[in-house]
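**Q** Pasting the sequence and the predicted coordinates here, then a few questions.
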Amino acid sequence: MLKVRDLKVQYGNQAPTIEHFDLDMKKGEIISIVGESGSGKTTIIRSILHALPYQTRVAAVTLEFEGKSLLSMTNSQWSELRGTDISMIFQDSGASLNPIRRIGKQYVDYIRTHRKMPVKEAAALAEDMLAKMRLPDAKRVMNSYPYQLSGGMRQRVGIAMAMTFQPKLLLADEPTSALDITTQVQIVKQMMELRDTYGTSIIIVTHNLGVAAYMADQLIVMKNGRIEDKGSKEKVLRQPESEYTKKLLQAVPELEGYRFV
């Protein structure tokens, strides 16, 4: 489904942020990219979505989604692909919401941008998705402005929008970082259900090794823009190759001899 070979990303004239990044992803697979802040995790998924700042240089031997090169796509092709077949959950989804428009108006516009449907039908779809994200009183949320919602509620609105069209590939940038632990569990389960029900492939960027270990089929450990470790979850967690990965695992808390990964 997704194939990346020798990806290199460079911001302006700075030294490359990402070098020699490879990835092979199958339909319905979940890949977790872990690493410290500044390791290049978010840059990876933004380069896949063609969502990097102007004058950023992205080069790769191969960068393909379902056999089509993402490097040669036009703006109109990207407009059709983003939000439908490939969707993204941002770390701070609330920041992408218009502060002077009600949630419902924004959500309906988002749906109708990608699908031709009546306003009432789009509103019903939006309300249903908000309810699936365990937002209390979805109708009230639809009528609210972003400032009237908590940070966690705004994050769940963003997650609901990203999941609206059951994307083939979901890119998730620290999707649970702004949520309390109970809501984190609900959102992770919802993402897993999306994979199980629709065969959605997911790339999740996270600092949380516990979340990564629970969700992932493959784990990629990043440091300074390069891959330190890569492979199945069992291989990376039980037989890490790099000293950096070993130190990350040693930093995971233990309770009565049980490590939480």
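**A** Nice, thanks for sending it over.
**Q** and residue 125, how many neighbours?
**A** 17 (other CB atoms under 10 Å). (C-beta placed from N, C-alpha, C; glycine too.)
**Q** leaving aside the residues next to it on the chain, what's closest to it?
**A** The shortest distance from residue 125 to any residue other than its chain neighbours is 6.0 Å, reached at residue 111 (CB to CB, 6 or more residues apart in numbering).
**Q** Pretty sure residue 117 is one of the things that neighbour touches, is it not?
**A** Yes: using CB atoms under 8 Å, residue 111 is in contact with residue 117, at 7.0 Å.
**Q** quick one, which of these two is more surrounded?
**A** Per other CB under 10 Å, whichever of residue 111 and residue 117 has more neighbours is residue 111, with 21 against 14.
**Q** Please pull up the helix or strand immediately following the helix or strand harbouring residue 88.
**A** Per DSSP states H and E, residue 88 falls inside strand 86-89. Scanning forward in sequence from strand 86-89 by DSSP H and E, the next helix or strand is helix 103-114.
**Q** For that next one, output the C-alpha coordinates as PDB.
**A** What follows is helix 103-114, C-alpha atoms only, in PDB (Å, rounded to 0.1, in the frame of the first residue of the first chain):
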ATOM      1  CA  ILE A 103     -18.000  23.300  15.100                       C
ATOM      2  CA  GLY A 104     -21.000  22.100  13.200                       C
ATOM      3  CA  LYS A 105     -20.600  24.700  10.400                       C
ATOM      4  CA  GLN A 106     -16.900  23.800  10.000                       C
ATOM      5  CA  TYR A 107     -17.500  20.100  10.100                       C
ATOM      6  CA  VAL A 108     -20.300  20.200   7.500                       C
ATOM      7  CA  ASP A 109     -18.200  22.300   5.200                       C
ATOM      8  CA  TYR A 110     -15.400  19.800   5.500                       C
ATOM      9  CA  ILE A 111     -17.700  16.900   4.600                       C
ATOM     10  CA  ARG A 112     -19.300  18.700   1.700                       C
ATOM     11  CA  THR A 113     -15.800  19.700   0.300                       C
ATOM     12  CA  HIS A 114     -15.100  16.000  -0.200                       C
END
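**Q** The residue sitting nearest the centre point of the chain and residue 87: what is the separation?
**A** Nearest to the geometric centre of the chain sits residue 172, at 1.0 Å (CA atoms, centre = their mean). Using CB to CB, to the nearest Å, residue 172 is found at 9 Å from residue 87.
**Q** before we move on, the earlier item: where's the residue nearest to the centre of the chain, which helix or strand?
**A** Here residue 172, judged by DSSP H and E, is contained in strand 169-173.
**Q** tell me the angle the longest helix along the chain makes with strand 169-173.
**A** Longest helix in the chain by number of residues, with DSSP state H as the criterion: helix 181-198. Here the directions of helix 181-198 and strand 169-173 differ by 160 degrees (axes from the mean of the first three to the mean of the last three CA atoms, to 10 degrees).
**Q** neighbours around the residue found closest to residue 179 once you drop the neighbours it is linked to in the chain, how many?
**A** Among residues not flanking residue 179 along the chain, residue 152 sits closest, at 4.8 Å (CB to CB, 6+ apart). Residue 152 has 17 neighbouring residues, counting by other CB under 10 Å.
**Q** Make sure residue 152 is actually in contact with residue 180.
**A** Yes: look at residue 152 against residue 180 with CB under 8 Å: they come within range, at 6.4 Å.
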